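K.L.:
just to be clear, the model below is a prediction. Sequence and coordinates:
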Amino acid sequence: MSVVIRVSSMPTWGRTVLELRHVSAGYGEATVLHEVSLQVGQGDVVTLIGRNGAGKSTLLRSIMGLHPISSGSIKFLGRDITRLRPHRRARMGLGWVQDDRGIYSSLTVEENLRLPRVIGANAWAEERLFGTFPVLGQRRRQMAGSLSGGEQQMLALARVLRMGADVVLCDEPTEGLAPVIVDQIAEILREVASSGATILLVEQNLRFATTVAHKHFLIAEGHIVDHLDNSDVIARENDLLAHLGI
Amino acid sequence: MTTFLQASLNGLVSGGFYALLAIGLAVIYGMLRVANFAHGAVYMLGAFGAVILYDMFGTPFWAALVVVPVVIAAGGVVVERTLIRRLVPLDPVYNFLLTFGLALIIQDLVRLNYGVVGQPYAKPAALEGRINFGPLEYPTYQFVVLIASIALTCGVWLALNKTKVGMVVRAATERPSLTEAFGVNVNVWMIPVFAFGVALAALAGVMAAPMRSVNSAMGADIVIILFAVIIIGGMGSVLGAVLAAYLVGFLQELAQMYVPAAAGATTFILMAVVLAVRPSGLLGRQEAAR
Ligand SMILES: Nc1ncnc2c1ncn2[C@@H]1O[C@H](COP(=O)(O)OP(=O)(O)OP(=O)(O)O)[C@@H](O)[C@H]1O
Ligand SMILES: [Mg+2]
């Protein structure tokens, strides 16, 4: 492996809101996450970078409670949530954007936005959402399955903003989208971050990662192998790209 | 022409029963991913509920229409919480074994007490007699059943598509785990959905009691057709199930009138044709990712 393992602990900006300790998980006999430990501070925007199959989506699902973990513990806002059901975690302020965007095709755009529980004080009102995502306003009565890929990603983001989650887990929001739309998504994520929300983002696009986040965890075969800041990512771009196999 | 009209009305009556039963089956499958092979037994219990209430307490039809579905739905919730919910994480084989086993148990318990002969159940006095449609005379009770099942079906469709509750049910049907991640306790929502599906089946049973033979096998006969209906309509599509229900009822009665020997086969011929043209059924879509 071309990546040097350099375990340094990066300072977090605020108090820790999300803490994983020695989290392992897998599918059947196969272990996919090996004793993953990480901390995310209040207001941090952090990415999880790793090649296909490294375990990024499994990690986000485990944090959300949608995938069972075999050992370890997860703390959210100071509380041990390891045994908590997903809807309870959501109500505490955890939001998740699924890797395939998770659009309900049998619901209209508006219904997609109304389904999530509003949990936090910083939940976006519908008018604000339609201001930021005008296309969703225009198509509010349309079935969500008829939206384009970019529009569906906007809807997925808008939906999680509607909740007002304190921590947003966002799985590959730029995958397969045109550069213009990727820029729009970066813009929106920066706005979300500037309002104080914490974001844990799975990303393969390094340029995108450095424009929205300031810290990066590198994950390989279910291990966290490195912590990087933006200057590290830029300095080692070629190395990282080779590792990601892009 | 009169014969054709007669057959069409009969078809709509049968289709109405299939629709009420298929809706319940479809929403239960959608939300729990459990194919309830005991659904026919619930229908049969509904009919027997009306008979038993009358024999024991002289309960009139109109009261049975309310009491029987409520009581059977309550029993259904107990079975759902204690047994059926355990199926959710398991292989579908267990789904079949449990619900089919329950159906056999219910059926045999009824047979132990009532044998195999049909139990008499009188039509409510207000709906005796026949309505005159020009050349055709049609039994009032059957006609009211026809209207009632269409009205109920429309009501369910509206509730599913135009209310907040229906929205959550559609969402949880399409993507259960994502719906949990939005703060919805899907597990708790399964209770009213299951109760509702069971209550509809029981209601269909009560409605059938005055016009069909009330016997312990009536559920087993209907459940096979119901699964064909669900497959023709498309797994997971309530509207598809309703359309298929009326289509199946209609074709069956037409065949009954013109080619009685083939009546039993029409449903399955229809199923084969639909599946050959549209493998996911009339309105089914490819199963969405969880
Ligand atoms: N449902 C499943 N059953 C069995 N193995 C699975 C399942 N889902 C994922 N895996 C395996 O677990 C490993 C991690 O998968 P995961 O989806 O978490 O990776 P990822 O880092 O998100 O990859 P990608 O970049 O492709 O999204 C992979 O080896 C994958 O093949
Ligand atoms: Mg992934």
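P.N.:
Noted; the coordinates are in hand. Ligands and ions are numbered 1, 2, ... in the order given.

K.L.:
run a quick neighbour tally on B:Phe143.
P.N.:
Close neighbours of B:Phe143, defined as other CB atoms under 10 Å in any protein chain shown, add up to 17. The C-beta positions use only the backbone N, C-alpha and C, and glycine is treated the same way.

K.L.:
what ranges in chain B fall below the confidence cut-off?
P.N.:
Scanning chain B for pLDDT under 70 picks out B:285-290.

K.L.:
hmm, try it at 80
P.N.:
B:1, B:236, B:285-290 (pLDDT under 80).

K.L.:
now do the strands in it.
P.N.:
B:130-133, B:136-139 (DSSP state E).

K.L.:
can you lay out those strands as JSON lines showing distance to A:Ile103 and mean neighbour count?
P.N.:
Below are those laid out as JSON lines (distance: least, CB to CB, whole Å; neighbours: other CB atoms under 10 Å in any protein chain shown):
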{"stretch": "strand B:130-133", "distance to A:Ile103": "48", "mean neighbour count": "12"}
{"stretch": "strand B:136-139", "distance to A:Ile103": "47", "mean neighbour count": "16"}
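
K.L.:
can these go into JSON lines with extra columns for distance to A:Phe208?
P.N.:
Shown next, in JSON lines, are those (distance: least, CB to CB, whole Å):
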{"stretch": "strand B:130-133", "distance to A:Phe208": "69"}
{"stretch": "strand B:136-139", "distance to A:Phe208": "68"}
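
K.L.:
which one of those strands lies closest to B:Gly15?
P.N.:
Smallest distance to B:Gly15 across these (CB to CB): 15.3 Å, for strand B:136-139.

K.L.:
who in the stretch 151-290 of chain B is up against chain A?
P.N.:
B:164, B:167-168, B:170-171, B:173-175, B:177-187, B:285, B:288-289 (CB under 8 Å from any CB of the partner chain).

K.L.:
if any of those residues are buried, put those into a ChimeraX selection.
P.N.:
Of these, the buried ones go into a single ChimeraX selection, burial set by 16 or more other CB atoms under 10 Å in any protein chain shown:
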select /B:167,168,170,171,173,174,175,177,178,179,180,181,182,183,184,185,186,285,288
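
K.L.:
now the helices for the stretch 51-200 of chain B?
P.N.:
Along the stretch 51-200 of chain B, counting by DSSP state H, counting those that start in this stretch, helices occupy B:61-82, B:92-114, B:140-162, B:164-174, B:176-181, B:186-208.

K.L.:
tell me what the fifth one is packed against?
P.N.:
Yep, that's helix B:176-181 we're talking about. Secondary-structure packing of helix B:176-181 (3 or more CB pairs under 8 Å, 6 or more residues apart in numbering or on different chains; DSSP states H and E): helix A:86-92, strand A:94-97, helix B:164-174, helix B:186-208.

K.L.:
now swap in the fourth one and tell me
P.N.:
For helix B:164-174, the helices and strands in contact under the criterion 3+ CB pairs under 8 Å, 6+ apart are helix A:109-114, helix B:2-32, helix B:140-162, helix B:176-181, helix B:186-208.

K.L.:
residue in chain A with the shortest distance to ligand 2?
P.N.:
Nearest residue of chain A to ligand 2 (CB to the ion) works out as A:Ser57 at 3.1 Å.

K.L.:
just so I know, which of the strands of chain B lies nearest ligand 1?
P.N.:
When these are compared by CB to the nearest ligand atom, strand B:136-139 sits nearest ligand 1, at 55.3 Å.

K.L.:
remind me what the closest one packs against, helices and strands.
P.N.:
Strand B:136-139 packs on helix B:2-32, strand B:130-133, going by 3+ CB pairs under 8 Å, 6+ apart.

K.L.:
ok, back up a step: need the helices and strands packed on helix B:164-174 in CSV (columns: distance to ligand 1).
P.N.:
Listed next are these as CSV, based on distance: least, CB to the nearest ligand atom, whole Å:
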stretch, distance to ligand 1
helix A:109-114, 23
helix B:2-32, 20
helix B:140-162, 30
helix B:176-181, 12
helix B:186-208, 19
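
K.L.:
state whether A:Ser24 is indeed within a strand.
P.N.:
Yes. When classified by DSSP: H, G, I helix; E, B strand; the rest coil, A:Ser24 is found to be part of a strand.

K.L.:
and it, how close does it get to chain B?
P.N.:
20 Å (CB to the nearest CB, to the nearest Å).

K.L.:
residues contacting that residue?
P.N.:
A:31, A:33-36, A:69-72 (CB atoms under 8 Å, 6 or more residues apart in numbering or on different chains).

K.L.:
looking at neighbours, which among the residues you listed is most surrounded?
P.N.:
A:Leu33 (27 neighbours).

K.L.:
so that residue makes contact with A:Thr58?
P.N.:
Yes. A:Leu33 is in contact with A:Thr58 according to CB atoms under 8 Å; the separation is 5.9 Å.

K.L.:
and the nearest residue to A:Lys56 once chain neighbours are set aside, what pLDDT?
P.N.:
Ranked by CB to CB, 6 or more residues apart in numbering or on different chains and with sequence neighbours excluded, the top spatial neighbour of A:Lys56 is A:Val202, at 4.4 Å. A:Val202 is assigned a pLDDT of 96 by the prediction.

K.L.:
quick one: contacts for A:Val202?
P.N.:
Neighbours of A:Val202 in contact, by CB under 8 Å, 6+ apart: A:47-48, A:56-57, A:60, A:99, A:170-172.

K.L.:
one more: A:Arg128?
P.N.:
Residues in contact with A:Arg128 (CB under 8 Å, 6+ apart): none are found.

K.L.:
contacting residues around residue 107?
P.N.:
With no chain named, the answer covers chain A. Contacts of A:Leu107 by CB under 8 Å, 6+ apart are A:115, A:143-144, B:167, B:170-171, B:174.

K.L.:
wrong chain, I was asking about chain B
P.N.:
Per CB under 8 Å, 6+ apart, neighbours of B:Gln107: B:41, B:44, B:216-217, B:219-220.

K.L.:
show me the beta-bridge partners of A:Trp96.
P.N.:
Counting by DSSP bridges, A:Trp96 is bridged to A:Leu169.

K.L.:
so what's the residue count around the closest residue to B:Met1 other than its chain neighbours?
P.N.:
Excluding the flanking residues, the one nearest B:Met1 by CB to CB, 6+ apart is B:Pro135, at 7.4 Å. For B:Pro135, the count of nearby residues is 9 (other CB under 10 Å).
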